[in-house]
Each structure stands twice: as structure tokens, then as C-alpha cells.
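Participant: all I have is the shape, not the residue letters:
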């Protein structure tokens, strides 16, 4: 094992506990991080809404235009309960990995966003990236404990480019749209992990 990998792995193990911690406890930590991720993305979306031009809502692309829309995911809790534990984790990992590049783009674009709160938005996006990375590290550890199926990750490349547009309204709309896509997916990730935690705890399905 290369020294750099061992060093990085050790840091992750320090944060997550790795093999010393039961699977249920690792899932608890993952669910806490995913909850924070979704909460932060929701707060960011609300901050954008405060100074969002009314015409921007008419220009907003449909949710089906999100780059992760091609991934078939459960639409509600009942459907999620019919998906295997390994597949649920695979879906959560696929969605999270699909946002590595778009979150980097949003963070770099926030500094010059034509919005009065662009500094606060930039700061929260930095925090969002940190939570996303930490959650990804934890899900990697979980997948190692749950078998090959959970380690499969669907490829969902982001092809939106790095240009939000030339005019103020277009830039706000495109930024808001991309962030709203992430908010939607962060809710899915959070829901899948909480259903997974509940199922592996052998809780009655109707209580999940």
C-alpha cells in the first residue's frame, strides 16, 4: 500500500473508526453527515431565493434537466424499502460522486455571483464541499463492509460546462438551477441512508 494512501486512509479511519466501529454506528455517522449536507443545501437555496428575480423562475430549467436525472432511483420510502441494502448504498454513492465536479464549479463561481450574499454563499459552498468529501469517505468504508454490489458506482458525468452566462439574470438562474439539483439529490442521499440505517437495525419496515 503506497505511503500516501496509508496516510489518507489513516485520517479517514480516525474520523470514522473503520473496522473498530460496528456497521450500525458507521451508518449513524453517515446519516448525520447526510442530514447536515441536505440542511446546508436547503439553507443555501433559501439565501439565493431572497434576491432572486421573479423572471428567473420562468427561465428555470425543469428538474429533468439535472445531470443526475438519468439514474433510476426510488421515488418514495415504499419504493426504497423494496431496494436491496447494497443497491441503496450504491445509489447514494453514485449521486454523491456525481457532484464532485459541479460543487467545485459552484464554489468557484460563487465568489463573483451577482448576489448581495455572494460571500456567505461562497463560504457555505466550501463547507458543503467538505461535508460531501467526508460523507464520501465514510460511504467508501461502508461499501467495503457491505459487499461488491454496494461498491458499484454509476457514471453520471457533468457536462454543464463552466459558464453560467453573460447577463446577471442568466448567471443567477443557472447557478440556482444547479444548486437546486444538488438539493434534490442531497435529499435522496439522506433518505436512502436513513432507510438503510433503519433496515439494517432490523426495525419494522413501516417505522423506517
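Facilitator: The structure has been received and is ready for your questions. All figures in this text were calculated on a predicted structure; none of them were measured in a lab.

Participant: switch to C-alpha atoms for all contacts and neighbour counts from now on
Facilitator: Fine.

Participant: which one's the longest helix in this structure?
Facilitator: If you go by DSSP state H, the chain has its longest helix at helix 168-200.

Participant: what residues does stretch 130-147 touch?
Facilitator: With contact meaning C-alpha atoms under 8 Å, 6 or more residues apart in numbering, stretch 130-147 is reached by 12, 16, 18, 23, 26-27, 30, 33-34, 36-37, 86, 89-90, 93, 96-97, 150-151.

Participant: is it correct that residue 124 is in contact with residue 37?
Facilitator: No - with contact defined as C-alpha atoms under 8 Å, residue 124 does not reach residue 37; the gap is 10.6 Å.

Participant: more neighbours: which of these two?
Facilitator: residue 37 (24 against 18; other C-alpha atoms under 10 Å).

Participant: which helix or which strand is home to the more buried one?
Facilitator: helix 23-50 (DSSP states H and E).

Participant: what mean pLDDT does that helix get?
Facilitator: Helix 23-50 shows a mean pLDDT of 91.

Participant: look up phi and psi at residue 79.
Facilitator: Note on residue 79: backbone dihedrals following degrees, to the nearest 10 are phi -70, psi -40.

Participant: typo on my end, residue 122
Facilitator: phi -60, psi -40.

Participant: so who does the closest residue to it other than its chain neighbours touch?
Facilitator: Distance criterion C-alpha to C-alpha, 6 or more residues apart in numbering; nearest residue to residue 122, sequence neighbours excluded, is residue 110 at 5.1 Å. Taking C-alpha under 8 Å, 6+ apart as the criterion, residue 110 is in contact with 118-119, 121-122.

Participant: point out where the protein drops to low pLDDT.
Facilitator: Across the chain, the ranges flagged by pLDDT under 70 are 1-21, 203-208.

Participant: one more time with 80, if that's ok
Facilitator: For the chain, the stretches flagged by pLDDT under 80 are 1-22, 52-58, 161-162, 165-166, 201-208.

Participant: hmm, residue 46 and residue 183 touching each other?
Facilitator: No - Residue 183 is not in contact with residue 46 according to C-alpha under 8 Å; the separation is 10.9 Å.
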